[in-house]
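Undergrad: curious how this folds, go ahead:
(one chain, ligands or ions: 1)
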Amino acid sequence: MKLKIEGLKYDIGKKKLLKGINLEVKNKSFVGLIGPNGCGKTTLLKNIYRYVSPKEGAVYIDNKNIYGLKNKELSKILAVVMQENNMEFDFTVKEIVTMGRFSSVGRFSSIDNNDEYLIENALDNVGMKEYGNRNFLSLSGGEKQRVMIAMALCQNTDIIVLDEPTNHLDIKYQVEIMHMLKQLGKTVFTTIHDMNIASSYCDYIYVMKQGEIVRHGTISEVFTEDMFREIFNVNAYIYTNPYNKKLNISYLQSS
Ligand SMILES: Nc1ncnc2c1ncn2[C@@H]1O[C@H](COP(=O)(O)OP(=O)(O)OP(=O)(O)O)[C@@H](O)[C@H]1O
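TA: So this is what the prediction gives:
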């Protein structure tokens, strides 16, 4: 399934946070959204998962405007991993991941073997299989993040939208989780701050600045020293990693 955003505008009071965003995430592609702090990345994702509604414009999934879909219809095709998980409730890890199945089984239905399989598989995919009975509140930041990713995986949707999925993760899990997400072969749209992670996994990149998409293209088209200077105000040294042939970026003190 493909995700398409057309002319999306969003204001808070007089502040224009999104100034007419157009972008497309093609079926089964892995697309990154980068940009400086406060440029509007999370706000854009909030419009995609309907936490807020745009002032103008629309979000389409396979040409269907998502604002016309019922919650249940949307949760069968789009899963979300938010940046902050302020889950205060006292649930076990397995109970939280099981919530990902509510979209298809209904809140009060019993879960069947297929649901059980998806739950176990999702926990396994994020390295949390042994944590099923642990209380969510007792987990570390990175463990909580992995559980939230498992909950989204468990929804078994075609599209996953993530806000900084590697936030809180140590380097082993940064690599493992990104690799796993890539291997799923789903349509993925994710914000990323780590440019080397973006370079390793993204098929396509959108660059946002002050509520606008200012550049987009493949990694080699977008990741230039000029872009890092203009958008992030840093001097970057970019080279090709001889092992995986991906671009690597080092940062130098800005002049
Ligand atoms: N409820 C709100 N009221 C006023 N301003 C807000 C509100 N929510 C967000 N903003 C502002 O909107 C701007 C965009 O915020 P957003 O969280 O989308 O940025 P971001 O690109 O995701 O940033 P980061 O990289 O730091 O996560 C910021 O300046 C933020 O302070």
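
Undergrad: Leu118 contacts Arg101, correct?
TA: Yes - if you go by CB atoms under 8 Å, Leu118 and Arg101 touch, sitting 6.6 Å apart. Glycine gets a C-beta too; all of them are placed from N, C-alpha and C.

Undergrad: shared neighbours of the two, anything?
TA: Cys154 (CB atoms under 8 Å, 6 or more residues apart in numbering).

Undergrad: burial count for Glu116?
TA: 13 (other CB atoms under 10 Å).

Undergrad: elements contacting the strand or helix carrying it?
TA: Element membership of Glu116, judged by DSSP states H and E, is helix 113-125. If you count contacts as 3 or more CB pairs under 8 Å, 6 or more residues apart in numbering; DSSP states H and E, helix 113-125 packs onto helix 93-99, helix 141-154.

Undergrad: relative to helix 141-154, how tilted is that helix?
TA: 150 degrees (axes from the mean of the first three to the mean of the last three CA atoms, to 10 degrees).

Undergrad: list of residues touching helix 113-125?
TA: Contacts of helix 113-125 (CB under 8 Å, 6+ apart): 93-94, 97-98, 100-101, 104-105, 111, 129, 131-132, 150-151, 153-154, 156, 180.

Undergrad: buried ones in stretch 46-66?
TA: Lys46, Asn47, Ile48, Tyr49, Arg50, Pro54, Gly57, Ala58, Val59, Ile61, Ile66 (16 or more other CB atoms under 10 Å).

Undergrad: so who does the first one touch?
TA: Counting by CB under 8 Å, 6+ apart, Lys46 makes contact with Val52.

Undergrad: what values do phi and psi take at it?
TA: phi -60, psi -30 (degrees, to the nearest 10).

Undergrad: start the count at 877 instead of 1 going forward.
TA: Understood, numbering begins at 877; the last thing we discussed is Lys922.

Undergrad: and the helices and strands packed on helix 989-1001, which is most packed in?
TA: helix 1017-1030 (a mean of 23; mean count of other CB atoms under 10 Å).

Undergrad: show me what that one is packed against.
TA: Right, helix 1017-1030 is packed against strand 954-957, helix 969-975, helix 989-1001, strand 1035-1039, helix 1047-1059 by 3+ CB pairs under 8 Å, 6+ apart.

Undergrad: okay, angle between the helix holding Glu992 and helix 1047-1059 too, please.
TA: Going by the same axes, to 10 degrees, helix 989-1001 makes 140 degrees with helix 1047-1059.

Undergrad: lowest-pLDDT helix or strand in this structure?
TA: Scoring the helices and strands of the chain by mean pLDDT, DSSP states H and E places helix 978-981 at the bottom, with a mean of 66.

Undergrad: okay, the spatially most central residue of the chain and Gly908: tell me how far apart.
TA: In the chain, the centroid-proximal residue (CA atoms, centre = their mean) is Leu1038; its distance is 1.4 Å. Leu1038 sits 10 Å away from Gly908, going by CB to CB, to the nearest Å.

Undergrad: what's the answer for Asn1001, then?
TA: The value you get for Asn1001 to Gly908, if CB to CB is used, is 20 Å.

Undergrad: ditto for Lys946
TA: Relative to Gly908, and taking CB to CB, Lys946 is found at 30 Å.

Undergrad: what about those two, which has more around it?
TA: Set Lys946 next to Gly908 and count neighbours by other CB under 10 Å: Gly908 wins out with 24 against 8.
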